[in-house]
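**Q** My questions are about this predicted structure, shown below with the sequence.
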Amino acid sequence: MRCFIGIDLGSTTTKAVVLDEQQNVIGRGITNSRSNYDTAAAIAKQEALVNGRFHLFRQALAQTGALNGQLEGFLAQLERDFRAEQYLEQLDDLAVTCQRSLASAKFGDDAKVVGEALDEVFRRIAAEAPALFAPGARRKSDFFRDIAGSQYLAAGEAVAKELGIRYDYLLNVFDRSIIEVENRVYAGSIRRHLLAALERTFEAMPGTAGRRTQVEAPVKGILDTEMEETYVVGTGYGRARLPFSKEHVRSEILCHGLGAHVMYPQTATVLDIGGQDTKAIQVDPTGIVESFQMNDRCAAGCGRYLGYIADEMNMGLHELGPLAMKSTKTVRINSTCTVFAGAELRDRLALGDKREDIMAGLHRSIILRAMSILARSGGIRNEFTFTGGVAKNEAAVKALKELVFENYGEMTLNIDPDSIYTGALGGATFAWRAVVEEGKTAEARA
Amino acid sequence: MTCTIGIDIGSGAVKTVLFEVDGDRQTWLAKRCERIRRRDPMQLAEEGRDGVLADAGLDPSAVDYIATTGEGENVAFATGHFYSMTTHARGGVFLHPGARAVVDIGALNGRAIYVDERGKVLAYKMTSQCASGSGQFLENIARYLGVAVEEIGPLSQSSEDPEKVSSICAVLAETDVINMVSRSIAPADILKGIHLSMASRIIKLLKVTGIKEGTALMTGGLALDTGLIAALREEIANEKTAVEIVNHPDSIYAGAIGAALWGAFRHGRLAALQAQAA
């Protein structure tokens, strides 16, 4: 089948969206951006195509009715099993890479015991792996670097203490190795992992094993179907370094404007708060950008601000919004710089202000920054769409609604749960138009 | 004779010193430095106090004055608190009596202080509302590059083609480094570029204070970063100021030393006032 792909290489995460012939989104993929942009783009695309296969599994299995009533549970289990397979492969790779890094590190006589510590650390992490992918398990993030990193830090601290070695050594070996590991694409193993995961799922859900053949046939059929990358359009922070020809690159602003228009055709103003960019975009009724404004290179007012605060509080990013929602009185935050706001947070806590009230102040502070960027771009017009990672945060949304109402009056505010993919969706739409409307061919690919 | 403790609560570490002051004779008895790393600074201040007393074999009752500086305003057991500008000035001159400027670069802030020969502040300048160019910033980058803290200096000094960096946000630094690594720039050149960028800001701060010649002592957490010192010397060679940059092995304690010495001074004054009243 023909696929049309958009890749948004952002500063923090790289997103990909796959459209089919009818412009339906069939797959979305996300990964963390890393030092090798080709890898980040390749993995995001691979993730979107895997997600697309799951979409096709769902369609095919729903049609045959082989799993009636159990379809969603089966697919969710299959995905967890698949993720666990992927994780274990990367973990093995990390263990080997760490030992190799150790050989080149200058730890002198300590190298031998550090090597033993590494073996023990990885033995523990591997043992903990199944629990990470169990139903209902909560992970801080879905990216290998983050999951393996936090597991490694915890196990490393314990093992270093037990063996009486410097924890710094273990940290250093990890820092040396992780970049190498995360820059590898494990494309060859996807099919194998999916088939292995399928076996595990039949085991985990014995009731479905009886219908093994009815389930296996369509799944294998879809695995054999080629998902042809007809046309790919790249955008985002790292677009200039993507291995694409100019033809295949569009600006972030154009892609976000078009993506928001595809999601909400009546959109006039778009606010996108991403990891390290805040953009305010005005679009015309066809989705063409009329004007825009962006922040400068500073983390205040971007998603990374909240990420930093979450680290300071030792909380997950997704826990900040709910905490701030409990506030009864918003504390005013004076620092502009993210790092200083972190220090102000500590001071405020020491002075006895409530955590939830300080959180509410920090959320309001981000939105105040966004309001000034919006004002510079030409203000807020109906309908107003909020996109980017921060749009998922209820406290940020609440602060935005209040400030928009105070300054502009009643507006329709659109927020899509998949808004993080807006730029990639815009890119995929450009790819679809290039082929279907302008008749461009795959040969134009770089 | 006055026994005094100085505690400097920074954003990266808590530094504690113990002094005995007898007229003009100042004897340094003990020192402790603990990196905060997500621990409670107030708790570390207490541990620092107990630690230096244990090292010197003194009983808590022997202490006449406990002075705090930095973010230590809320230390419950402190006798008094001193503004960090004055403590760094005093501590800097104690470590290097010839210094006419003290440049303190810590985890979050940087400041340049122009001082007289007795450690009195004549003028000062601090970094603004942004943490780029701070120690935190450098640490973030080193961690991403997989470079241990002690390797930073030597690696930076090995660079022949430093990568120019302008003002980068300390929080977004990691992304910028990812971008540099993706352009195949060597860690040594990245670190050197950052050192040069920090150095040019520091020199600007220093110039604003009005100092034209003499010795500037580096204090704070970055004082022992040989890469930064080398970059500062390079930058200053391009300027037409005759300021010499030096550091001291105990540079990190400057604020705590200044607090202890000012504490002893204030204790003496209070004792004199009480004697007068009686």
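**A** Structure's in. What do you need?

**Q** Spell out which residues of the stretch 1-150 of chain B are next to chain A.
**A** B:11, B:38, B:42, B:71, B:74, B:108, B:129-131, B:134, B:136, B:143-148 (Cβ under 8 Å from any Cβ of the partner chain). Every C-beta, even on glycine, is put in place using the N, C-alpha and C of the backbone.

**Q** so of the residues you listed, which ones are in helices?
**A** B:42, B:136, B:143, B:144, B:145 (DSSP state H).

**Q** Now, of these, which are buried?
**A** B:42, B:136, B:143, B:144, B:145 (16 or more other Cβ atoms under 10 Å in any protein chain shown).

**Q** Over to the closest residue to the second one other than its chain neighbours: give its phi and psi.
**A** Ranked by Cβ to Cβ, 6 or more residues apart in numbering or on different chains and with sequence neighbours excluded, the top spatial neighbour of residue B:136 is residue B:107, at 4.8 Å. Phi and psi for residue B:107, reported as degrees, to the nearest 10, are phi -70, psi -40.

**Q** Can you get me a residue count around residue B:107?
**A** Per other Cβ atoms under 10 Å in any protein chain shown, the neighbour tally for residue B:107 reads 23.

**Q** Do any residues in the element among helices and strands of chain B having the smallest mean pLDDT lie close to chain A?
**A** The weakest-scoring helix or strand in chain B, judged by mean pLDDT, DSSP states H and E, is helix B:173-182 (a mean of 79). Yes. Using Cβ under 8 Å from any Cβ, helix B:173-182 reaches chain A at B:175, B:178, B:179, B:181, B:182.

**Q** gap between the last one and residue B:176?
**A** Distance check for residue B:182 against residue B:176: by Cβ to Cβ, to the nearest Å, it reads 11 Å.

**Q** what's residue B:172 in contact with, if anything?
**A** Residues in contact with residue B:172, defined by Cβ atoms under 8 Å, 6 or more residues apart in numbering or on different chains, are A:11, A:276, A:297, A:298, A:299, A:304.

**Q** Give the ChimeraX command for selecting the buried subset of those residues.
**A** Buried members of the contacts of residue B:172, defined by 16+ other Cβ under 10 Å, are picked up in ChimeraX with:
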select /A:11,276,298,299,304
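
**Q** can you list the contacts of residue B:172 in a markdown table and add secondary structure?
**A** Below are those laid out as a markdown table (DSSP: H, G, I helix; E, B strand; the rest coil):
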| residue | secondary structure |
| --- | --- |
| A:11 | coil |
| A:276 | coil |
| A:297 | coil |
| A:298 | coil |
| A:299 | coil |
| A:304 | helix |
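
**Q** follow-up on the earlier one: just the CA trace of the helix or strand following the least confident helix or strand of chain B, in CSV.
**A** Sequence-wise, the next helix or strand downstream of helix B:173-182 (DSSP states H and E) is helix B:187-209. Taking Å, rounded to 0.1, in the frame of the first residue of the first chain, the C-alpha atoms of helix B:187-209 are listed here in CSV:
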residue,chain,number,x,y,z
PRO,B,187,34.1,17.2,22.6
ALA,B,188,37.3,19.1,23.2
ASP,B,189,36.3,21.9,20.7
ILE,B,190,32.8,22.1,22.2
LEU,B,191,34.2,22.5,25.7
LYS,B,192,36.8,25.0,24.7
GLY,B,193,34.1,27.0,22.8
ILE,B,194,32.0,27.1,26.0
HIS,B,195,35.0,28.1,28.1
LEU,B,196,35.8,30.9,25.7
SER,B,197,32.2,32.1,25.7
MET,B,198,32.1,32.0,29.5
ALA,B,199,35.5,33.8,29.7
SER,B,200,34.3,36.6,27.5
ARG,B,201,31.3,37.2,29.8
ILE,B,202,33.4,37.1,32.9
ILE,B,203,35.9,39.6,31.4
LYS,B,204,33.0,41.9,30.6
LEU,B,205,31.8,41.7,34.2
LEU,B,206,35.3,42.4,35.4
LYS,B,207,35.7,45.4,33.2
VAL,B,208,32.4,46.9,34.4
THR,B,209,33.7,47.0,38.0
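
**Q** Helix B:187-209 near chain A anywhere?
**A** No. Figure legend: helix B:187-209 not in contact with chain A (Cβ under 8 Å from any Cβ); closest approach 10.8 Å.
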